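J.: pasting the sequence and the predicted model now:
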Amino acid sequence: MPKALQPHPDRALPAGEARDLARRIHESTRSLPLLCLHGHVDANLFAADEPFGNPADLLVVPDHYVTRMLISQGVAPDRLGLPRRDGTRTAEPREIWREFCSHWHLFRGTPSRYWLEHEFAEVLGLTVAPSAETADDLYDEISARLAQPEFRPRALLDTFGIEVISTTDAATDDLAPHAKVGADLPGRVIPTFRPDAVVHLDRPGWGDLIGELGRLAGTDTSSYAGYLDALRKRRQAFLAAGARATDHGHYSAAAIPLADAEAERIYASALKGEVTTEDAAAFAGHMLFQMAAMSADDGLVMQLHPGVLRDHHAGIHATYGPDQGHDIPVATEFTRSLRPVLERFGYSEGFRMVLFTVDETTYSRELAPLAGVYPSVRLGAPWWFLDSPDGMRRFRELVTETAGFYNTSGFVDDTRAFLSIPARHDLARRIDAGYLANLVLEHRLDEDDAFEVATDLAYNLAKTTYLT
Amino acid sequence: MPKALQPHPDRALPAGEARDLARRIHESTRSLPLLCLHGHVDANLFAADEPFGNPADLLVVPDHYVTRMLISQGVAPDRLGLPRRDGTRTAEPREIWREFCSHWHLFRGTPSRYWLEHEFAEVLGLTVAPSAETADDLYDEISARLAQPEFRPRALLDTFGIEVISTTDAATDDLAPHAKVGADLPGRVIPTFRPDAVVHLDRPGWGDLIGELGRLAGTDTSSYAGYLDALRKRRQAFLAAGARATDHGHYSAAAIPLADAEAERIYASALKGEVTTEDAAAFAGHMLFQMAAMSADDGLVMQLHPGVLRDHHAGIHATYGPDQGHDIPVATEFTRSLRPVLERFGYSEGFRMVLFTVDETTYSRELAPLAGVYPSVRLGAPWWFLDSPDGMRRFRELVTETAGFYNTSGFVDDTRAFLSIPARHDLARRIDAGYLANLVLEHRLDEDDAFEVATDLAYNLAKTTYLT
Amino acid sequence: MPKALQPHPDRALPAGEARDLARRIHESTRSLPLLCLHGHVDANLFAADEPFGNPADLLVVPDHYVTRMLISQGVAPDRLGLPRRDGTRTAEPREIWREFCSHWHLFRGTPSRYWLEHEFAEVLGLTVAPSAETADDLYDEISARLAQPEFRPRALLDTFGIEVISTTDAATDDLAPHAKVGADLPGRVIPTFRPDAVVHLDRPGWGDLIGELGRLAGTDTSSYAGYLDALRKRRQAFLAAGARATDHGHYSAAAIPLADAEAERIYASALKGEVTTEDAAAFAGHMLFQMAAMSADDGLVMQLHPGVLRDHHAGIHATYGPDQGHDIPVATEFTRSLRPVLERFGYSEGFRMVLFTVDETTYSRELAPLAGVYPSVRLGAPWWFLDSPDGMRRFRELVTETAGFYNTSGFVDDTRAFLSIPARHDLARRIDAGYLANLVLEHRLDEDDAFEVATDLAYNLAKTTYLT
C-alpha cells in the first residue's frame, strides 16, 4: 500500500512545552501576504501565463536542490534531463519523474523534502508519497492539475497570496515581459537589476554584452565613463519598470574602489580582450563600490551575496552550463571588505544594503556587529543552503543577540521554483514562531512582543526594507 | 496603560523538564560573591564616590551596546549625546533618555534588554517599562534614586556583593585613584595593566606616551632596553597597587618574537616617527611575547583578547573618538599565533594565560584543544558580543567536551556599565545552571557534580585563575 | 562511602518528550554488529592475543584524550608514565592509576568520562567511581579481570560484536601481523594503507623509509617513477591483505597536481636531502592527487583528514614523541583544495572519498555542499575532538539539510583505545537516535523512516561506504 502524504499541521514547530505558543504565533502570521523580493522566477512565466508543463519539467529539472541530491547518489545528469548546451536531451519527462520518485528516501531530513511535501499536498492536492510504485499515478495526477486554469501562474499569484514578486534580470535584459505583465498587474511583478555579467570583465562573451548594454542605454560603452553612464541609465529603466533593488553575486565581498585612471586602464584592457584575472577581480570589487554609490543616488536597495565558487566542476559546466548544483561556498570576509563602502555610505540617508551569506561563521562575528551599528545595513534572510529549518534557527540564534530583530530584512525566498514559494514562507514563519515561543518560555521576551515581532519578521520588515 | 516591568524569577532558565533542576542549581549560586576581574569601570568612580549623574549619562551615553543599536536604526549619534572630540554636545540628558525609551522595542531579544530590565527592576526599583509615554516619569524616578546615599558607588559594591573589582589602566596611568580607594577599601578595587597604547608604535601620540612611561618608571625610554625596563617597573608598580593581571587587545593573536636587533631597529624607527605599518604590527606581536615572558617572571595573569578591527568608520572615530560601538570582529587564528609563547612558557609554573575571543569558530577548533592540554592556558568567559544567553550556551557546548570545565576561567564580566554587573553575573549563572541541568537530565553528569561545578564556574574558578 | 558507578540506561538520549521515541530507536540498533573501519588499534594485539597489561598501561598511558586533560591541570607527563624517547619511564603503573583516579572530576562533561564509565561498568564490571580512595581497589579489580581469558583481544572482538576492524598501517609496514590474524580470522582484522610518512619529503628519516619502501615493493625508489610504482605495489599488497581503504593525514586538504617534471625535480632534491619546506608541501599536495588517481584505479576508499598542526610543542615532541595530545586543529579549506581531484575523479565509478574534519565551520559551508553533489564523496563521522555528544549532534544538524543522510559514511570510531570501541559506537547510536526522534517530534521525518535511517547510520552506510 502506498504511503500517505500528510504534512502535519504542527510540522517544524518545536516539540514539547513551546509547541502551543509557537502554534498560536504561527497562526497569527498565516494570512499575511507574501513579499517575494529576492526570487529568481522567470518574468515570462507571468507575461505568457501559460499552463505549466509536465511534472518533471516543473518540479525536477529546473530545481538544482533536487537534481544535485540525485546526482550525489549516482543518478547521471542525463537521466535527470539536465539540458545539454548542445541542445540534446535524452530522458523523457516521465522517466525523469520515475527517477525522482524512486529516490524519494534520499531527501529525508532535507528542506527539499519539506517543501515538496507541502507543494504536493497543499498546492497540488496529492495524497500519496512519491515512490517507484506511485510515480506514474502521481505523474498523471499532477499533469491533470496543471492543465486546469487555476494552476496558471497568474492565478497562483492570488492563490498563494503573493503581494509582490521580484524577478532577477541582467543589466542587458530588455524588460519586455515586465512591460507586458506590468500593464495587467501593475506593481505586482517587478524586476531586480543584476549587473554581474557586465562587471566581471573576464567572463566569456563580456564584449558582446557591453555592446548590448550600450545599445539598450543609448550610450557608447567603448569608454569606462560611457560604461558607467550606461549602467546608470539601465538602473533608471529598471526603476521605471518598478524595480526596488539590485542584486550582486560576487566571489568576494571586497568592495574596494580603484582610482579612476586604474579603472579606466583595466576597462580598456578588457575591451582589447587582454584583461588579467587579478585585474578583473579588482575591477569587480571596484564596481561593487560604484554600485553602492549609484544606490546611494537612486535609492535601489543593494543586495550582496558573496562567497560562492560557481561551477566547481568544469566538465559539468561545459556540458550543462551554469546553475546546475555545482556551486560551492567558500569562507567569506565582510569586516575589511565592506569598510570602504560603509565608511562612505554607511550613514547615507538613501542607501540601504542587504547582506546575505552562505558562510554561517560570519553571522555572529561580522554580519550582526555590522548590521547592529550601521544605519544602512540589514541582514538578509538565511540564504540558499541555509534556507532550512535548522539553518534558519541558527540564523536567529547567532544574529539576534547583537543585531536584534529590526536589523534583519524579514523573510525573502530565493528560488527558481515558483510552486515552492508558499512552502518556503510558511516554513520560515514556523521556525520564527518556534524561536520566539522559546524566548517567551525562557522569559527572555514578553508574549505580546513575540506576536508583534512575528508579524514584523513575516511581512513588515521586508516591506520597510525593500518597498519604502 | 504603561506596560509593567517584571523580570520573571525563572528568566533565562531552560523551559520544560530541566527548569526545576536549573532553578535549584541557580539558587545555590545566588549568594556567592561577585569577582569582577576583567572590567572597565573607572577607578575614579570609587575614589570619588560621588552620586551618579542623570539617567542618560549613567545608562545610555557611555554604553556602546545601547548607542550602537539606536544608531543602527537611524538615531543620529548627536541625538544620543555622544561627546564630540571638539567638546560640543548638543542633546540634553532628558532628550537622550526619551530617544532611548521610545526605541525600547529595538532591544527585544538582546542581552542589553535583559541587563537593563534587571537594573531597572532589581537595582533601581522601577515598575514600568520604558516607552515614549513613560520616559519622563522614569527619568525623574531614576534621578531621585541616584541622589540617595545607598546609590553611591562604594555603597553599591556592598549591595552588589562585589568581593573584588578590577579596572583597566594604561601603562602610563599613575594609579592615584587606586591609591586613594585602596587606602579605604584595601584589595577591593584593583588595577589591571593594559599596555596596548605603548606597544603599538604607529598610533598617534605614541611618542608622548613613551616619554610619560619613562617619567613614571624613572627610566630612559629612548632605547629599546630602557623601554622594556620601564614596562617591567610599571608592572611592579601595578603589582604593588594590587594588580593581578594584564590585558592585551591586539588585532591579531600573533605573539611572535623578533631578534633583539630587529626589535631595536623598529623601536628606533618609531622614535624617529618613521615606523612602517608592517614593522609596527611585527613589533606588537613581538611585545605580546615579551609580555608573556614578563608574566612568567612576575606572575601577572596575561589576558589576551584579539581579533577586533577597532574604529571601523573613520568619520565616526574622527568626530567621537574610540569605543563608540564601531569595533567589528574579524576571523582570528590562535594555533600558529600562540605557538612560540606556548612552546616557551606553556609549561612554566608561574605563567597563566587567559584567552578571549569574539570569533566563535575558534572555540572547538583551537581554543578548547589548546586549553585542554597546556597547563598555563585558561579560556576566558564569552566576551563582548558573545556575553549573552545563547552566546554563553554555545561557549559551554563548544568548549566543555574538549577542555572540560576546569580549563575555563569562570565568569568575569567585561563592562563599563557598573550598574549592569549584578545582571551580567546573574545571567551567566542562569545559563550555566541550565546547561548543567540539561547534562544531568541527559545523564551525562551526576546531579551532585552539577551543583559543585556551578559553584566552581560562578566563583571558585575566577578566584583560582586570577587571585591565587 | 565511595560513589557508585551507574551509567544510566537513558544516558545521552534527549530529555523531555523525545526520550521515549529516542529510546526505542536506539534499542532497534543495539544488536547491530560494529564496523570499525577507521581505527588505530594495533594489529599485533590480535596477532599475539595476549592478556592486556595493567590498568594504567591499558586505559591511561596510551589514551591521549586522558593524558592531555591531566596535563592541562598540572600533572607532569612523567607522572603519567608517558614513555620518553630515551626509553626511561619513572612512574609505576599503580602511581599513574592513582593520578588518574584522583583527578576524575576533571573529566566532567567530556566524552572521555562517558566512554570510561561505559568501559568500567559494562566491559569491566566495576561498581564504584574512580577517586583517590577507590584507586587501589579498582586497580586490583581491573587487573584481575584482565587476567581472565574472556578479556583477551580476540575474545573481546566477539563480546563487542565487532564484525570487521581495520588497523592503520604505514606504507612500509610488512603486514606480518595481519597475515597471522588473517589466517585465523579471515577478513575480520584488515589493514589500512597510510602513506603519510613516505609522501612528506621533509620529515626526518624519510630517506630510510623510501629505501624500505623499495625493498618491500621490489622496486627501485631512487627515481620518482619508481617511487610511484612502489606505492602502487604496496597498495596491491594491502589489498591482498584485505585492505579496503587508505588514510591521509595532511596539514592542508590541498590536492593540487604538479607537472611530472616538477614532481621529479622535488623528489630528486629530497633524495639529496635538500628539499625546501615549500617544495615538500607542494609535493604532499601533489601526492594526494596521485593517491586519488590510484584509488580510482584500484578501488581503495580514500579517507582524508586534514587540518591538524601536529606536535604543537617542540619540547614535548622531542622528549615523548608524536601523538601525545599536542596536536591542535587549524582552519581548513576544502572547496578550492579538492577541486582538481573532484573535477578529475568526482564522477569516476570506482572512486570514493571520505572527508573528515576537526574544523566544524566547513560542515555546512563546504563539506555538505560537496558531498551533496559529487557521487564520489561521503562525509566521515565527526572526528577526534568532535566525536562527542554535542559534537555529533552538531554534525547532523549542520550536514543533513544539505547532504542528507545518505552522503554520510555511517559511524566509524577513530581510536587507539580498544576497550572504548563499544562505548563509542553506542554513544553515536544514542545521539543519532535523539536527533532522529526530534525530527519525528517536529514532524520533519516520518517515524518509520527514522527507524530505517537509524539502522543505515549505525551499520549499512559504513558497509556500503567501505565494504562494497
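T.: Here it is on my side, so go on. Numbers count the residues shown, from 1 in each chain, chains lettered A, B, ... in the order given.
J.: use CA for all of it now, contacts and neighbours both
T.: Will do.
J.: helix or strand: which one has A:Trp97?
T.: helix A:93-102 (DSSP states H and E).
J.: got the contact list for that helix?
T.: Residues from elsewhere that reach helix A:93-102 (C-alpha atoms under 8 Å, 6 or more residues apart in numbering or on different chains): A:54-57, A:60, A:70, A:75, A:79-81, A:130-136, A:139.
J.: repeat the analysis, applying 6 Å as the threshold.
T.: Applying C-alpha atoms under 6 Å, 6 or more residues apart in numbering or on different chains, the contact partners of helix A:93-102 are A:Ala56, A:Leu80, A:Pro130, A:Ser131, A:Ala132, A:Ala135.
J.: buried ones among these?
T.: A:Ala56, A:Leu80, A:Pro130, A:Ser131, A:Ala135 (16 or more other C-alpha atoms under 10 Å in any protein chain shown).
J.: any idea how far A:Glu92 is from the last one?
T.: Spatial separation of A:Ala135 from A:Glu92 under the definition C-alpha to C-alpha, to the nearest Å is 14 Å.
J.: and which of the contacts of helix A:93-102 is nearest to C:Gly380?
T.: C:Gly380 lies nearest to A:Leu80 out of those, by C-alpha to C-alpha, at 27.5 Å.
J.: so what's the closest one closest to, chain neighbours aside?
T.: Leaving aside its sequence neighbours, A:Leu80 sits nearest to A:Ile96 (C-alpha to C-alpha, 6 or more residues apart in numbering or on different chains; 5.1 Å).
J.: looking at the contacts of helix A:93-102, which are in helices?
T.: Using DSSP state H, the subset of these located in helices is A:Ala135.
J.: contact residues of the stretch 251-400 of chain A facing chain B?
T.: A:Glu343, A:Arg365, A:Glu366, A:Gly372, A:Val373, A:Tyr374, A:Pro375 (C-alpha under 6 Å from any C-alpha of the partner chain).
J.: quick one: which of those residues is most hemmed in?
T.: Neighbour counts for these peak at A:Gly372, which has 32 neighbours (criterion: other C-alpha atoms under 10 Å in any protein chain shown).
J.: which residue packs closest to it, ignoring adjacent ones?
T.: A:Gly372 sits nearest to A:Ala403 (C-alpha to C-alpha, 6+ apart), 4.2 Å away.
J.: so where's the stretch 201-350 of chain A uncertain?
T.: Scanning the stretch 201-350 of chain A for pLDDT under 70 picks out nothing.
J.: how about the helices in it?
T.: Using DSSP state H, counting those that start in this stretch, the helices assigned to the stretch 201-350 of chain A run over residues A:206-217, A:224-240, A:260-271, A:277-298, A:314-320, A:339-345.
J.: what of the stretch 1-150 of chain A?
T.: Taking DSSP H, counting those that start in this stretch as the criterion, the stretch 1-150 of chain A contains helices spanning A:19-29, A:43-48, A:55, A:64-72, A:93-102, A:111-118, A:135-146.
J.: on that earlier part again, among the residues of the stretch 251-400 of chain A next to chain B, which one sits closest to B:Tyr435?
T.: Nearest to B:Tyr435 out of these is A:Arg365 (C-alpha to C-alpha; 22.9 Å).
J.: so who does that closest one touch?
T.: Contacts of A:Arg365 (C-alpha under 6 Å, 6+ apart): B:Pro329, B:Asp359.
J.: I'd like the distance between A:Arg154 and chain B.
T.: In this view, A:Arg154 and chain B are 37 Å apart by C-alpha to the nearest C-alpha, to the nearest Å.
J.: meant to ask about A:Ala183
T.: Distance from A:Ala183 to chain B, by C-alpha to the nearest C-alpha: 36 Å.
J.: the residue nearest in space to the middle of chain A and chain C, how far apart?
T.: Geometric centre of chain A, nearest residue: A:Asp414, 2.3 Å, by C-alpha atoms, centre = their mean. Distance of A:Asp414 to chain C, computed by C-alpha to the nearest C-alpha: 16 Å.
J.: state the pLDDT value of that residue.
T.: Per-residue confidence at A:Asp414 stands at 85 (pLDDT).
J.: for the residue nearest to it when sequence neighbours are not counted, phi and psi?
T.: Once flanking residues are discounted, A:Asp414 sits nearest to A:Gly39: 4.6 Å by C-alpha to C-alpha, 6+ apart. Dihedral angles of A:Gly39 (phi, psi; degrees, to the nearest 10) stand at phi -90, psi 170.
J.: show me the contacts for A:Gly39.
T.: A:Thr167, A:Asp414, A:Thr415.
J.: now render the helices of the stretch 201-350 of chain A as CSV, adding distance to C:Asp20.
T.: Formatted as CSV, the helices of the stretch 201-350 of chain A follow (distance: least, C-alpha to C-alpha, whole Å):
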stretch, distance to C:Asp20
helix A:206-217, 61
helix A:224-240, 57
helix A:260-271, 65
helix A:277-298, 54
helix A:314-320, 46
helix A:339-345, 52
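J.: need the residues of the stretch 1-150 of chain A near chain B, please.
T.: So the stretch 1-150 of chain A meets chain B at A:Glu17 (C-alpha under 6 Å from any C-alpha).
J.: in the stretch 1-150 of chain A, which residue sits nearest chain B?
T.: In the stretch 1-150 of chain A, no residue comes nearer to chain B than A:Glu17, which is 5.9 Å away by C-alpha to the nearest C-alpha.
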